[in-house]
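Novice: my questions concern the predicted model and sequence given below.
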Number of protein chains: 2
Amino acid sequence: MDHVTIIGNGHMARAIAVRMLRARHSVQIIGRNSEKTQALVEFLGAGARGDEEGTPVEGNIVFLAVPFLEGKKTVSTYGESLAGKVIVDISNPVDMATFDHLLTPAGTSAAESIALLAPPSSNVVKAFNTCFAKSLEVGQVAGVPLDVFIAGDSEAAKAKVSAVAAASGLRVIDVGPLRRARELESMMLLVMGLQANPEHVGFNWDTSLKILP
Amino acid sequence: MDHVTIIGNGHMARAIAVRMLRARHSVQIIGRNSEKTQALVEFLGAGARGDEEGTPVEGNIVFLAVPFLEGKKTVSTYGESLAGKVIVDISNPVDMATFDHLLTPAGTSAAESIALLAPPSSNVVKAFNTCFAKSLEVGQVAGVPLDVFIAGDSEAAKAKVSAVAAASGLRVIDVGPLRRARELESMMLLVMGLQANPEHVGFNWDTSLKILP
């Protein structure tokens, strides 16, 4: 069984942890604010443990459930201790003040820039960035499983993340190499802008991007 | 009532024409191959007429239902006769040989490059590029109306296209200014790649990109 570490203790960390526990994986939560981490671990119950920032990463699958720029720092800080691990980048490098542009230059992606910082023997996978926390925690939207779009250059690493996502009740769609993260992140600039726009009364950070049927 | 002209006589032209007739708009089809245009007009029945390439555009809403590069040529050729009209760009500037990159430079879009060629008094609207012909012709996928993502810099032009799309039974999502076409086109590089990939047996150019619920 794969061990899972989640860096972060916010809404996305909680939603991913709920799904991983549903898939019967134990979860290590590493968070900055110990009280918040402890509260999350209590909410999650059996199978979850909380650790302070800087604690060694136990999981062979590591979710970066923090904002993009913080994720970059995390990968740099943990450095070689991430060697050999599967690093899952869930971030959307969206300018949250304007929802008009990405924080990454055109022609690249957050996932690729994180991969450049990670140890050569690790493998970065893009996944879960199109899922919002509310619906991810439930695992379904409108009565159908959420889609998890997954991109990466290592088939073995994608297979690991796909397996845990599928075991947690989600539909996995492998969209190809890590550079496909460009399109996944780009689309979320648009989708997140819709959620933030008060004119779209039906979009409240609880929707899901699906390929139907 | 708005008059609608569709440039093109292929699958997308047919699907858009079916929807426009459903919305009780008459449709002018302008196509290169007269026999194909005639066959389409006969299929469509009352409310549709066919004209040869070069025939003046009657509609105040003009759909470019041709590939991106051909759409650019069409706009250049029709030139000033498109003045004052709403031009709907439905294209996906995807490299269909590799599905690995777009034909447009990063940081721009097909819609914006078509707008640069169109008369200043016309208004280019991006719409329908996320719809595939099969599901668009039906108007629904998995029992729910298709989403039509619409982007443009003129609120009046978007209102016109939104009205005809909504009247045809589709759900319209206004995603903002014309530059949002970058994200809509980018995402379709990925979605079209999935349809073309034989490993994804469930994706056969008949899916639909939806925001649920």
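Specialist: In hand now; what should we look at? Residues are numbered from 1 along each chain as shown, chains lettered A, B, ... in the order given.
Novice: now do the buried residues in stretch A:120-127.
Specialist: Across stretch A:120-127, burial judged by 16 or more other C-beta atoms under 10 Å in any protein chain shown covers A:122-127. In this view, the C-beta of every residue, glycine as well, is placed from N, C-alpha and C.
Novice: what stretches of chain A score poorly on pLDDT?
Specialist: A:1 (pLDDT under 70).
Novice: biggest helix in chain A by residues?
Specialist: Criterion DSSP state H: the longest helix present in chain A is helix A:181-196.
Novice: tell me if that one is near chain B.
Specialist: Yes: for helix A:181-196, a contact with chain B is found by C-beta under 8 Å from any C-beta of the partner chain, at A:182-184, A:186-187, A:189-191, A:193-194.
Novice: export those residues as JSON lines, with columns for neighbour count.
Specialist: Below are these laid out as JSON lines (neighbours: other C-beta atoms under 10 Å in any protein chain shown):
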{"residue": "A:R182", "neighbour count": "25"}
{"residue": "A:E183", "neighbour count": "24"}
{"residue": "A:L184", "neighbour count": "25"}
{"residue": "A:S186", "neighbour count": "25"}
{"residue": "A:M187", "neighbour count": "25"}
{"residue": "A:L189", "neighbour count": "22"}
{"residue": "A:L190", "neighbour count": "24"}
{"residue": "A:V191", "neighbour count": "24"}
{"residue": "A:G193", "neighbour count": "20"}
{"residue": "A:L194", "neighbour count": "21"}
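Novice: of those residues, just say which sits nearest to A:K210.
Specialist: Nearest to A:K210 out of the residues of helix A:181-196 next to chain B is A:V191 (C-beta to C-beta; 11.4 Å).
Novice: so that closest one sits against B:I211, correct?
Specialist: Yes: between A:V191 and B:I211 there is a contact under C-beta atoms under 8 Å: 6.7 Å.
Novice: what sits in contact with each of these two?
Specialist: A:207, A:209 (C-beta atoms under 8 Å, 6 or more residues apart in numbering or on different chains).
Novice: contact partners for the spatially most central residue of chain A?
Specialist: Nearest residue to the geometric centre of chain A (C-alpha atoms, centre = their mean): A:I90, 2.9 Å. Residues in contact with A:I90, defined by C-beta under 8 Å, 6+ apart, are A:12, A:16, A:63-65, A:126-129, A:131.
Novice: quick one: which of those is nearest A:L146?
Specialist: Checking those against A:L146 by C-beta to C-beta gives A:C131 as the nearest, at 5.7 Å.
Novice: identify the bridge partners of that closest one.
Specialist: Beta-bridge partners for A:C131, by DSSP bridges, are A:S208.
Novice: again, but for A:A151
Specialist: Residues in beta-bridge contact with A:A151 (DSSP bridges): A:K126, A:G176.
Novice: would you agree it is in contact with A:E185?
Specialist: No: A:A151 lies out of contact with A:E185 (C-beta under 8 Å); the separation is 9.9 Å.
Novice: give the residues shared as contacts by these two.
Specialist: Counting by C-beta under 8 Å, 6+ apart, the shared contacts of A:A151 and A:E185 are A:111, A:126.
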